[in-house]
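Q: one predicted model, sequence on top.
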Amino acid sequence: MNLLWVLQPILVFFGNTINPLSKDNEPLAPGGSSGGSAAAIAADLCLGSTGTDTGGSIRQPASFCGVVGVKPTYGLCSRWGIAAFASSLDQAGVFSHNVEDASILLKTIAGFDQRDSTSANVDIPNYFANLNDDLNGKTVGIPKEYSIDGTPQEISQIWDDAIKVLEKKGVKIKNISLPHTKYALPTYYIIAPAEASSNLARYDGVKYGFRSTEINSLDEMYETTRAQGFGKEVKRRILIGTYVLSAGYYDAYYLKAQKVRKLIANDFNKALKECDFIVTPTAPSAAFPLNEKQNDPIKMYLNDVFTVPASLAGLPGISIPFGKDKNNLPLGIQILGKHFDEQQVFNVALSLERSYE
């Protein structure tokens, strides 16, 4: 979840972004951190919007708001001008009402940028012109590790429904294993905060950004600026990141997490040699009441359980609406593909979207 600190002044003056699907007496969370972009689409304020996805910050809001959200392959879209949160994970992407619009938007923003050292110099196809919902003969991977105890029956049902639709379209179903997926969340919540603590160290009120006026010395300026300028969750992540990078803990936490990340990526690479794409739920629930999990960070972090693994592997993913829960709130299905194979991801999403409509 990135760019939370940017939203702090906005929250002070205008309050939280509210999910447009909320009922009058119960405001719902739009998902994060690019919830504003997803909410704008759901409220019909625009046809498309951009967002950033570090561990699910496009796909989760897309699921909560009932819109389409695309996280491209790491490096496909330039991050020039985006405030860095976790540099090895951050990726720009798009939101839209439908898959066709998303394919047009992604073609527009994708491409090599020499100002971004992580930008990949690859050819960008015309995703829209190449859309094809014929999946006959393709193979979909269904990871057994995503069948998590405690997952609501509604989530399992839409997953089953998506698999049945694909099977009817001539797609071969292959059960796959991603054995290191169970370590994805703890791995992510070591690597991302560590990189955030480093990236956000520059926001000290000296060169740019917020600066506190309640200062009498240089040290006080640093302290009060960062105390007032960052929200509680950002401070929590900075503290976690600083801890895991500190002397005596770097090898035990950060270095070990990087090794586990490689194992997670290897699992995906191996699985995607046996199948063309992977289908999973996007989130373990529909949108929940605003601030419901604010005081329980563990519950909040668990909402990323289905999106974080692909982020660690740098894979492209899309979330599309595919069913509703008992309260008539949208639920999302996630399609993951091979590196730089956004076209396949769009094709599968289009086929499922048309069957859902």
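A: Structure's in. What do you need?
Q: show me where pLDDT drops low in the stretch 51-200 of the chain?
A: Applying pLDDT under 70 to the stretch 51-200 of the chain flags no residue at all.
Q: so which residues of it form strands?
A: 68-71, 91-96, 139-143, 172-176 (DSSP state E, counting those that start in this stretch).
Q: Cys77: which of those strands is closest?
A: Nearest to Cys77, of all the strands of the stretch 51-200 of the chain, is strand 91-96, at 4.2 Å by C-beta to C-beta. C-betas here are computed from N, CA, C, even on glycine.
Q: okay, now the sheet partners of that closest one, with direction.
A: For strand 91-96, sheet partners with direction are given as strand 48-53 (antiparallel), strand 68-71 (antiparallel), following DSSP bridges.
Q: mind listing what's buried along the strand or helix carrying Lys299?
A: Assigned by DSSP states H and E, Lys299 belongs to helix 297-301. Neighbour counts over helix 297-301 (16 or more other C-beta atoms under 10 Å) mark 300-301 as buried.
Q: could you pull up the mean pLDDT of that helix?
A: Regarding helix 297-301, the rounded mean pLDDT is 78.
Q: Asn199: which of the strands of the stretch 51-200 of the chain is closest?
A: It's strand 91-96; of the strands of the stretch 51-200 of the chain, that one is closest to Asn199 (C-beta to C-beta) at 14.8 Å.
Q: if we can go back for a sec, okay, the strands paired with strand 91-96 in a markdown table with distance to Ile335 next?
A: What follows is the strands paired with strand 91-96, written out as a markdown table (distance: least, C-beta to C-beta, whole Å):
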| stretch | distance to Ile335 |
| --- | --- |
| strand 48-53 | 14 |
| strand 68-71 | 10 |
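Q: out of those, indicate the one that is most buried.
A: Mean neighbour count (mean count of other C-beta atoms under 10 Å) peaks for strand 68-71 among the strands paired with strand 91-96, with a mean of 32.
Q: can you give the distance of that one from its chain's centre?
A: Centroid separation for strand 68-71 versus its chain: 8 Å, with C-alpha atoms, centre = their mean, to the nearest Å.
Q: okay if I get the strands of the stretch 51-200 of the chain as a markdown table plus distance to Pro330?
A: Below are the strands of the stretch 51-200 of the chain laid out as a markdown table (distance: least, C-beta to C-beta, whole Å):
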| stretch | distance to Pro330 |
| --- | --- |
| strand 68-71 | 11 |
| strand 91-96 | 13 |
| strand 139-143 | 22 |
| strand 172-176 | 25 |
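Q: out of those, which comes closest to Ile318?
A: Within the strands of the stretch 51-200 of the chain, the stretch nearest Ile318 is strand 68-71; the backing value is 4.8 Å (C-beta to C-beta).
Q: just the CA atoms of the closest one, as CSV, please.
A: Taking C-alpha atoms only, strand 68-71 is exported to CSV below (Å, rounded to 0.1, in the frame of the first residue of the first chain):
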residue,chain,number,x,y,z
VAL,A,68,-11.5,-3.4,-13.6
GLY,A,69,-8.0,-2.8,-12.2
VAL,A,70,-4.7,-3.7,-13.9
LYS,A,71,-1.3,-4.2,-12.3
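Q: what lies in contact with the helix or strand following the helix holding Lys299?
A: Scanning forward in sequence from helix 297-301 by DSSP H and E, the next helix or strand is helix 308-313. Here helix 308-313 makes contact (C-beta atoms under 8 Å, 6 or more residues apart in numbering) with 53-56, 71, 89, 91, 178, 181, 184-185, 187-188, 191, 261, 264-265, 267-269, 317, 334, 336.
Q: helices - which of the residues you listed land there?
A: Judged by DSSP state H, the subset of the contacts of helix 308-313 located in helices is 184-185, 187-188, 191, 261, 264-265, 267-269.
Q: selecting buried members of the residues you listed in ChimeraX, what would you type?
A: Listed next is the ChimeraX selection for buried residues among the ones in helices among the contacts of helix 308-313, using 16+ other C-beta under 10 Å:
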select :184,185,187,188,191,261,264,265,267,268
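Q: burial count for the residue lying closest to His339 once chain neighbours are set aside?
A: Excluding the flanking residues, the one nearest His339 by C-beta to C-beta, 6 or more residues apart in numbering is Thr73, at 5.1 Å. A count of nearby residues for Thr73, using other C-beta atoms under 10 Å, gives 22.
Q: and for Pro289?
A: 12.
Q: next one: it from Lys172, what distance?
A: Using C-beta to C-beta, to the nearest Å, we find Pro289 at a distance of 41 Å from Lys172.
Q: equivalent analysis for Asn216, please.
A: On the measure of C-beta to C-beta, Asn216 and Lys172 end up 69 Å apart.
Q: those two - which one has more neighbours?
A: Lys172 (15 against 8).
Q: which secondary structure element contains the closest residue to Leu329 other than its chain neighbours?
A: Of all residues not flanking Leu329 in the chain, Ala286 sits nearest, at 3.9 Å (C-beta to C-beta, 6+ apart). Applying DSSP H and E as the criterion places Ala286 outside every helix and strand.
Q: confidence score at Ala286?
A: So Ala286 comes in at 96 (pLDDT).
Q: that one touches Asn328, doesn't it?
A: No: counting by C-beta atoms under 8 Å, Ala286 does not reach Asn328; the two are 9.2 Å apart.
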